[in-house]
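generate coordinates for the sequence data below:
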Amino acid sequence: MPVSRRTFLGGGLAAAAVAVTGTPMLAGCASDKKSSAAANLAVKLPTYTKYGEIKPDLPGTDVVLDGFLKYPANPVKAITEAPGDGKPITFMTNIPGAIPPAADKNQFWQALNQRLGSDLQISMASNDEYKDKFATRVAGGDLPDIINIPTDTPQIPGLVKAKCMDLTEHLSGDAVKKYPFLANIPTQYWKGCVFNGAIYGVPVPRGMSRTSLALYRADLLAAKGIKDPAPKSFEEFFDLAKEMTAAKQNKWAWTRVPLSTIRQMLGVPNVWKEEGGKFTSMFEDEANLEALEAARKMVAAGVINPDAFGDKATARKQWFNGGIAAFDYDSFVAWNQYYNDNTAGDAFAVNMLDVPGFDGGEGKPWMGAALNNVTSFSKDSKHSAETLLKIANWMAAPFGTEEYLFRKYGVAGRHYTLQGTDPVPTKVGVVETGIGLQYISDSQLALYWAGKPDVPQKQHAIQEKVASRLVYDASYGLYSDTQSKKQTQLTKTMTDLEGQIVQGRKPVSDWTAAVQTWKSSGGDKIRGELQDAFAAAAGGK
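Just a heads-up that it's a prediction; the model follows:
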C-alpha cells in the first residue's frame, strides 16, 4: 500500500478523539461540507521563501530533491539565539529505531537542551506501538506541549479545534517569515495542516522522500553476478526474485509481497484518482485482479519470506539489513536508514529499481504521502505559540547549516568523526541521536550519505527517472468525515482479504464482491464527500 495508508491507527483512536472533543464530528449536509472546504481554501497559506545560502551538487526540481556529494565545509550557523524560554517543553513521538538512552545518560540530548535553552522532555514509542500510546494519551486528555499527530488520525478537525492552538495569525502569508526555516517548507506541504478554516500545525514534509519503490541489496545481487538489474516486465521481475531465492539457506528475495509494486506496474491509482471531478478508489480499479493473481504466483513460488504475514515492519528491516531478504518495498528515507543501521560493513550497498509496465514499457510509480505527520501545540501549554514555533523553526534548519549538522549527527568526536567535511556517525552517535526530533519539524530531505557520494548519485538518478511519471493521491488536502471515521476498518477489511488471496486461501474472484461491500459500507460516501470538497475548492465557494 502507499505510504499514506500503510500505518492506520486503530479504532480506539476514533473513540479517543470523541472523548477529547466531547462529540463525534457531525456528518453535516453537503452544503456544510462545501462551506468547510471553502473555508479551508480561503486560508492564506504560508509564503514559501526558499533558503538560498546552500548550493547543492545535484540540483533538484519542484519534484526531485537536492543532492549533495559531501557536507559543505564551514556550515552556516543560521540561528543565533536559543529558541527556548528556559522552561521544560514536553513532546510525544514515534521513533523508527530502538529506544535511545534517557536524557540523563544521553550526551546528545543534554547538548540539545543546552542549545535549545529549554529541556526537551520526550515521551517515545516505536513506530509499531505509537498508535496505541497516542490513543491512550488523547483519551486521557494528557497531551504534551508539542504533539506528533499522524495524518491518518480519525477526526483530526475536531481534535485540533478542541485541544490545539490556532496558528493562523503566526503563519499565514508573510507572517511565517518570522520563522525563516518554516517559510523554507514549500507551500503544498501546508495544505495538510489546515482544518476548520485555520492553520493548526506545522508540517513534517516528506513527499518525494517517502516515494516507495523496490529497494535492493546491490551487494547481494552483485555476488550472484547481477549488476544494474532493470526488469522490463512483471515476468522479468518475477524471474529476478526466483534467482535471488535460496529457501534451503533461509534466503528469500522479498521481505514481503510486492503488491504495491505490481499495482504500479498495472497503473492502479495512488489511493484516489480524480478525473473531471469524479473520484475513483484504488480498490475499484479492475487491474487489482491481475495484480492479486501475480502476487499470488510469487507467494506460491516461495520467493517471499514465509514470516512476512506475521511480523512487523521492524522485522522486515532486520531481514533486509541482515541479508535474509534481498528486496524490500520502501522509501528514500528508509534507504538512508538502512545505511544507518548497517552491520555488514563497507560491502553493504543499496539501490532501487524503476517500475516497469506489467507487460513492458514504463509503470506508474506512486508519489509518497506529502506529510509524515502534523505537529500541533496544545492549547493547555504554558509556553507561547511563538516559543513553540521557534523550536519548530530550529528543527527545520536545512541541510548545510550548522544546526542541521548537530541535529542529525550530534557532537563531533563523540557522535561522529569527520572524514574530510563529512560527518561519519559513530555507534554511540547512532544510538544517542535517535530521539525523534525529525517529527517536531524538518526540512525537505537532502539526498546525501556521509562518505558515500554514490548514494546521493543513485538516489538523484532514480528520482530524475521517475519524476515525470509519478501518480499523486487526488484526495490530499481534502477532508472526508466518513473517511476519517471509517477508513481504518474499511481498509483493514480489504488488506486482510489481500493477504488471504495472495496466500491462496481465498480466490481472486472474492475481490470483486469485497469492493461492492466496501462501496456500500462507506466507500461511496467517502467518494461523494471528496467530490464535494473538490468541487468547493475548485469553485472557491
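
assign the closest residue to residue 63 other than its chain neighbours to helix, strand or coil.
Closest residue to residue 63 apart from its sequence neighbours, by CB to CB, 6 or more residues apart in numbering: residue 467 at 4.5 Å. C-beta here means a position set from N, CA and C on the backbone, and glycine is covered the same way. Of the three states, residue 467 takes helix under DSSP: H, G, I helix; E, B strand; the rest coil.

how close does residue 467 sit to residue 261?
Counting by CB to CB, to the nearest Å, the separation of residue 467 from residue 261 is 18 Å.

for residue 513, same thing?
Residue 513 sits 26 Å away from residue 261, taking CB to CB as the criterion.

what bridges to the nearest residue to residue 156 once chain neighbours are set aside?
Leaving out its chain neighbours, the residue that sits closest to residue 156 by CB to CB, 6+ apart is residue 195, at 6.0 Å. Residue 195 has the following beta-bridge partners by DSSP bridges: residue 198.

need the helices for the stretch 251-400 of the chain, in chain order.
Counting by DSSP state H, counting those that start in this stretch, one finds helices in the stretch 251-400 of the chain at the ranges 259-265, 287-300, 313-322, 332-341, 385-395.

picking that back up, dump the residue contacts of the residue nearest to residue 156.
Counting by CB atoms under 8 Å, 6 or more residues apart in numbering, residue 195 touches 40, 156, 157, 160, 161, 479.

so where's the stretch 51-200 of the chain uncertain?
Along the stretch 51-200 of the chain, segments meeting pLDDT under 70 are nowhere present.

which parts of it are strands?
Along the stretch 51-200 of the chain, counting by DSSP state E, counting those that start in this stretch, strands occupy 89-95, 120-126, 146-150, 194-195, 198-199.

what does the stretch 401-541 of the chain give?
416-419, 422-425.

between these, which gets nearest to residue 305?
strand 422-425 (28.4 Å; CB to CB).

using CSV, write out every CA atom in that closest one.
What follows is strand 422-425, C-alpha atoms only, in CSV (Å, rounded to 0.1, in the frame of the first residue of the first chain):
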residue,chain,number,x,y,z
ASP,A,422,31.6,14.6,6.0
PRO,A,423,30.3,13.6,9.5
VAL,A,424,30.5,9.9,9.8
PRO,A,425,28.3,8.6,12.6
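
so how far is residue 84 from the residue nearest to residue 421 when sequence neighbours are not counted?
Closest residue to residue 421 apart from its sequence neighbours, by CB to CB, 6+ apart: residue 73 at 4.6 Å. Noted for residue 73: a distance of 29 Å to residue 84, by CB to CB.

okay, those two: which has more neighbours?
residue 84 (22 against 7; other CB atoms under 10 Å).

list the contacts for the nearest residue in space to that one that is not next to it in sequence?
Counting by CB to CB, 6+ apart, residue 84 lies nearest to residue 118, which is 2.8 Å off, once chain neighbours are set aside. Shown in contact with residue 118 (CB under 8 Å, 6+ apart): 82, 83, 84, 85, 86, 87, 88, 89, 387, 391.

in stretch 169-182, what's buried?
By neighbour count on 16 or more other CB atoms under 10 Å, the buried set for stretch 169-182 is 170, 171, 172, 175, 176, 179, 181, 182.

for residue 441, see how far away the second one is.
I take that to be residue 171. Per CB to CB, residue 171 is found 12 Å from residue 441.

can you pull the residues that touch both of the two?
The contact lists of residue 171 and residue 441 share 182, 202, where a contact means CB under 8 Å, 6+ apart.

state the pLDDT value of the residue nearest the centre of the chain.
Nearest residue to the geometric centre of the chain (CA atoms, centre = their mean): residue 372, 4.0 Å. Note on residue 372: pLDDT of 90.

poorly predicted segments of the stretch 351-500 of the chain, please.
Using pLDDT under 70, nothing in the stretch 351-500 of the chain is flagged.

what's near enough to touch the nearest residue to residue 78 once chain neighbours are set aside?
Once flanking residues are discounted, residue 78 sits nearest to residue 401: 4.5 Å by CB to CB, 6+ apart. Counting by CB under 8 Å, 6+ apart, residue 401 touches 53, 54, 75, 76, 77, 78.

so can I have CSV of the residues you listed showing neighbour count?
Shown next, in CSV, are the contacts of residue 401 (neighbours: other CB atoms under 10 Å):
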residue, neighbour count
53, 11
54, 17
75, 20
76, 17
77, 12
78, 19
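
right, and out of these, which lies closest to residue 239?
residue 54 (43.6 Å).

neighbours of the closest residue to that closest one other than its chain neighbours, how many?
Of all residues not flanking residue 54 in the chain, residue 400 sits nearest, at 3.3 Å (CB to CB, 6+ apart). A count of nearby residues for residue 400, using other CB under 10 Å, gives 23.

right, and residue 400 touches residue 71 too?
Yes. At 7.5 Å, residue 400 counts as touching residue 71 under the criterion of CB atoms under 8 Å.

now do the most far-flung residue of the chain relative to its centre against residue 427, distance only.
In the chain, the residue that sits farthest from the middle, by CA atoms, centre = their mean, is residue 248; the gap is 35.2 Å. Here residue 248 is placed at a distance of 34 Å from residue 427 (CB to CB).

what does residue 334 give?
Counting by CB to CB, the gap from residue 334 to residue 427 is 20 Å.

so for these two, which sits in the more crowded spot?
residue 334 (22 against 9).

that older thread, and residue 136, which of the helices of the stretch 251-400 of the chain is closest to it?
The nearest among the helices of the stretch 251-400 of the chain, by CB to CB, is helix 313-322 at 20.7 Å.

buried sites along that closest one?
Residues of helix 313-322 classed as buried by neighbour count (16+ other CB under 10 Å): 313, 315, 316, 317, 319, 320, 321.

for those residues, which one is nearest residue 445?
residue 317 (18.1 Å).

if you skip the residues just before and after it, what's nearest to residue 387?
Nearest non-adjacent residue to residue 387 (CB to CB, 6+ apart): residue 85, at 4.7 Å.

surely the one you found meets residue 117?
Yes. Counting by CB under 8 Å, residue 85 does reach residue 117; the two are 7.2 Å apart.

list the contacts of the closest residue to residue 191 other than its chain neighbours.
For residue 191, ignoring the flanking residues on the chain, the nearest one in space by CB to CB, 6+ apart is residue 477 at 3.9 Å. Residue 477 is in contact with 40, 191, 192, 194, 537, counting by CB under 8 Å, 6+ apart.

quick revisit: of residue 513 and residue 261, who's got more company?
Between residue 513 and residue 261, residue 261 has the larger neighbour count (other CB under 10 Å), namely 25 against 10.

look up how far residue 44 lies from that one.
Residue 261 is 39 Å from residue 44, by CB to CB.

over to residue 69?
Using CB to CB, residue 69 is found at 38 Å from residue 44.

between the two, who's got more neighbours?
residue 69 (18 against 12).

wait, doesn't that one sit right on residue 459?
No. Between residue 69 and residue 459 there is no contact under CB under 8 Å: 11.6 Å.

ok, residue 103 to residue 221 distance?
Where residue 221 is concerned, residue 103 sits at a distance of 42 Å (CB to CB).

oh, that last question was meant for residue 262, not what I typed.
Distance from residue 262 to residue 221, by CB to CB: 20 Å.

how about residue 271?
For residue 271, the distance to residue 221 (CB to CB) stands at 31 Å.

cool, residue 128 as well?
Residue 128 is 29 Å from residue 221, by CB to CB.

between these two, who's got more neighbours?
Under the criterion of other CB under 10 Å, the comparison of residue 128 against residue 221 puts residue 221 first, with 20 against 13.

residue 42 touches residue 196, doesn't it?
No. Shown here, residue 42 and residue 196 do not form a contact pair, counting by CB under 8 Å, at 11.7 Å.

okay, these two: which has more neighbours?
residue 196 (17 against 11).

OK, contacts around that one?
36, 39, 40, 157, 160, 161 are the contacts of residue 196 under CB under 8 Å, 6+ apart.
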